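J.: coords below, sequence missing:
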């Protein structure tokens, strides 16, 4: 029973993350800008909304790096959504 719950929860979370990554990639390509993810707590406390986006025309390397990471996350979530969370039995 516990294995079944792991598979169901993993697939539901993976499907949600697939949809979220797809929307981020689609909007990033259409608007030519993408929001970056920063884990620094100090930056979140003193956050400037004007610096939140990476624009394709002004910073192409950062833009495509962030888009590549989103595409990699989409591929990983798609694999988990299709195959589930497989744990070998002992």
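T.: Structure received. As the structure is a computational prediction, the values presented were derived from the model and not from experiment.
J.: longest helix anywhere in this protein?
T.: The residue-count maximum for a helix in the chain (DSSP state H) belongs to helix 2-31.
J.: name the next helix or strand downstream of that helix, please.
T.: Going down the chain from helix 2-31, the next helix or strand is strand 33-35, by DSSP states H and E.
J.: by contact count, what packs against that next one?
T.: Contact here means 3 or more C-beta pairs under 8 Å, 6 or more residues apart in numbering; DSSP states H and E; on that basis strand 33-35 packs against helix 2-31, strand 53-55, helix 60-83. Heads up, the C-betas are built off the backbone N, CA and C, glycines and all.
J.: let's see that with 6 Å instead.
T.: Of the remaining helices and strands, those touching strand 33-35 by 3 or more C-beta pairs under 6 Å, 6 or more residues apart in numbering; DSSP states H and E are strand 53-55.
J.: what lies in contact with the strand it packs on?
T.: Applying C-beta atoms under 6 Å, 6 or more residues apart in numbering, the contact partners of strand 53-55 are 33-36, 62-63, 66.
J.: just the buried residues from those residues, in PyMOL please.
T.: In PyMOL, a selection of the buried entries from those looks like this (16 or more other C-beta atoms under 10 Å):
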select buried, resi 33+34+63+66
